[in-house]
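In: Just the structure for this:
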Amino acid sequence: MTEPFALDPSRASHAKALELLATREIGWLVSTGRDGFPHAVPVWFLWIDGAVVTFSQPHAAKVRNLAADPRAAFHLEAGDDGEEWLLLQGTVEFSPEPASTWFERLGDAYLAKYRAGLDALGWTPERLYEDFSLVILVHPHKLIS
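Out: Residues are numbered from 1 along each chain as shown. Below is the predicted model of the structure:
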């Protein structure tokens, strides 16, 4: 049995990945569409306990895709210099807990990262977790950076 994957902050590439996961606002969640082509969508996310945590509307195409094939990729765009990027390959899990429970636990961290985005959209946190009520956890198996 192989060891579970974890980002090791003592490794330079992993430390950089952890920094990017903590500071970047938009990530791209990639699933395999019904037609076999990659389906990439921008998402807000947090890095929590070794997983990417994001919220989705339950009937979104990415949810259908991931229910059919839980293999996924998550990537962050390159910075201005093109040198700050990462790609995580892994599998997803749909949390059995509702988004409201996750927001109770993660609300302060989530709002610290996304308050300006919510305000720009005119959304409350309650609207977010009511509309985006499905919690998706991306468990990485591999880092490419």
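
In: now what about the longest helix along the chain, what contacts it?
Out: In the chain, taking DSSP state H as the definition, the longest helix is helix 99-121. Helix 99-121 has contacts (CB atoms under 8 Å, 6 or more residues apart in numbering) with 25, 44, 46, 48, 53, 55, 95, 124-125, 128-130, 132-135. To be clear about C-beta, it is placed using only N, CA and C from the backbone, and glycine gets the same treatment.

In: for the worst-scoring helix or strand of the chain on mean pLDDT, packing partners?
Out: Lowest by mean pLDDT, DSSP states H and E among the helices and strands of the chain is helix 125-131, with a mean of 88. On a contact count with 3 or more CB pairs under 8 Å, 6 or more residues apart in numbering; DSSP states H and E, helix 125-131 meets helix 99-121.

In: List the buried residues of the helix it packs on.
Out: Neighbour counts over helix 99-121 (16 or more other CB atoms under 10 Å) mark 99, 102-103, 106, 110, 113-114, 118 as buried.

In: Which of the residues you listed sits closest to Leu18?
Out: The closest of those to Leu18 turns out to be Lys113 (CB to CB; 14.8 Å).

In: Could you point out which residue ranges in the protein have low pLDDT?
Out: 1-3, 78-83 (pLDDT under 70).

In: where do the helices sit along it?
Out: Using DSSP H, the helices of the chain run over residues 12-23, 61-68, 99-121, 125-131.

In: Could I get those helices in TSV, plus columns for distance to Glu77?
Out: Output for the helices of the chain, formatted as TSV (distance: least, CB to CB, whole Å):
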stretch	distance to Glu77
helix 12-23	10
helix 61-68	18
helix 99-121	16
helix 125-131	22
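
In: Of all the ones you listed, which one comes closest to Phe5?
Out: Here helix 12-23 is closest among the helices of the chain (CB to CB), at 10.4 Å.

In: list the helices and strands the closest one packs on?
Out: strand 46-48, strand 86-94, strand 134-144.

In: Take those and lay them out in CSV including distance to Arg71 and mean neighbour count.
Out: Formatted as CSV, the helices and strands packed on helix 12-23 follow (distance: least, CB to CB, whole Å; neighbours: other CB atoms under 10 Å):
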stretch, distance to Arg71, mean neighbour count
strand 46-48, 19, 19
strand 86-94, 6, 19
strand 134-144, 9, 18
